[in-house]
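Trainee: Here's a sequence, model it:
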Amino acid sequence: MIALKNLTKVYDNGFTALRDINFEIGTGMFGLLGPNGAGKTTLMRIMAGLLRPTSGQIVIDGHSAETEKGRQSIKEILGYLPQDFGLYPDLTAWQFLDYVGHLKGIDNRQVRHRQIGELLDLVRLTKEADRKLRTFSGGMRRRVGIAQTLLGNPKLLIVDEPTVGLDPEERVHFRNMLTEAANRCTVILSTHVIEDISHSCNDLAIIEKGTLLFRGSPMDLIREVRGNTWIIRTNSDLSGSGLTVTSTIHVQDTIQYRVLGKPQAHYAAIPAEPSLEDGYIWMMSHANMSN
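Mentor: This next block holds a predicted model:
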């Protein structure tokens, strides 16, 4: 459904945010993973038609973003939730969604109101529909954000760092909402929170400093680090060992380290089953070593 071809973005100050990005995204839920400042938001804004790439091409559902007609066609099938999502604080949740529905061209009042009611129920805000948005908590505002994104039944949903600032219960509920939405449309989830990816996405890409580091499934990423994940129990300092420490736990009179790499024999390391987080850290550590 989505093809990114040789996508590059250089800002006016000379900063290169994206370097020759090439990959495709199919249906379902897709994770875009990387640290803050990696270029994820730039890529999301280009997909949403808010930024123009310096070079390269993006095609969404057969529409090229290089033409005005193509960009308009993409906007008609798109729902976009940016990281910094603005609301009208003096409107109620219902009034705000009604307003957004008008902007999206849902002119039939009955259809628009039915969608609003269904979405308020989906995001668990039916009882708060008549409260002004300025009284909402951060998590409630994010839920209004996902509701407005889903108005109009978009074929493509782009959400940028949606769980930042949410408590654990809100984060789980938000992930569940996105997973449910992925049954009806393609969802692109941009985040630096690995847990959000591991619990929801069956396909992902990792970018760092504007460069594509990895493209594949979560299991593909885990396979990258298999054979390089270990448990070491010692009181020794592991600095200078060449190993990447991913966790440290005090166990009675020793320290248990979870490490990535090739430990020397005297550490008596025990092999461990790798996690998605291990795969991500392995990719990032190798990228930093090569820079």
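Trainee: Identify the residues contacting Tyr257.
Mentor: Ile231, Ile232, Arg233, Thr234, Leu238, Leu243, Val245, Ser247, Thr248 (CB atoms under 8 Å, 6 or more residues apart in numbering). Yep, even glycine has a C-beta here, placed from its N, CA and C like the rest.
Trainee: Next one, pLDDT for the nearest residue to the first one once chain neighbours are set aside please.
Mentor: Spatially, and ignoring its direct neighbours in sequence, Ile231 is nearest to Ile270 (4.5 Å; CB to CB, 6 or more residues apart in numbering). The confidence metric pLDDT takes the value 96 at Ile270.
Trainee: so who does Ile270 touch?
Mentor: Residues in contact with Ile270 (CB under 8 Å, 6+ apart) are Trp230, Ile231, Ile232.
Trainee: Ok, Pro271 next?
Mentor: Gly227, Thr229, Trp230, Ile231.
Trainee: In CSV: those, plus distance to Gln72, secondary structure and pLDDT.
Mentor: Putting the contacts of Pro271 into CSV (distance: CB to CB, whole Å; DSSP: H, G, I helix; E, B strand; the rest coil; pLDDT from 0 to 100) gives the following:
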residue, distance to Gln72, secondary structure, pLDDT
Gly227, 50, coil, 95
Thr229, 48, strand, 97
Trp230, 53, strand, 97
Ile231, 55, strand, 96
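Trainee: can you give me the helices in the chain?
Mentor: 40-47, 68-76, 93-103, 109-122, 138-150, 168-181, 194-198, 218-225, 276-290 (DSSP state H).
Trainee: Dump these to CSV, plus mean neighbour count, mean pLDDT and distance to Pro162.
Mentor: Listed next are the helices of the chain as CSV, based on neighbours: other CB atoms under 10 Å; pLDDT from 0 to 100; distance: least, CB to CB, whole Å:
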stretch, mean neighbour count, mean pLDDT, distance to Pro162
helix 40-47, 23, 92, 11
helix 68-76, 15, 88, 20
helix 93-103, 18, 94, 17
helix 109-122, 16, 95, 15
helix 138-150, 21, 88, 6
helix 168-181, 17, 85, 6
helix 194-198, 21, 87, 8
helix 218-225, 18, 94, 19
helix 276-290, 18, 85, 18
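Trainee: which one of the ones you listed lies closest to Asp20?
Mentor: Among the helices of the chain, helix 40-47 comes nearest to Asp20, with 12.5 Å by CB to CB.
Trainee: Just put the helices of the chain in a markdown table and tack on distance to Arg258.
Mentor: Below are the helices of the chain laid out as a markdown table (distance: least, CB to CB, whole Å):
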| stretch | distance to Arg258 |
| --- | --- |
| helix 40-47 | 27 |
| helix 68-76 | 43 |
| helix 93-103 | 44 |
| helix 109-122 | 38 |
| helix 138-150 | 31 |
| helix 168-181 | 22 |
| helix 194-198 | 15 |
| helix 218-225 | 12 |
| helix 276-290 | 8 |
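Trainee: Need the buried ones from the contacts of Pro271 selected in ChimeraX.
Mentor: Selection of the buried residues among the contacts of Pro271 in ChimeraX, burial being defined by 16 or more other CB atoms under 10 Å:
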select :229,230,231
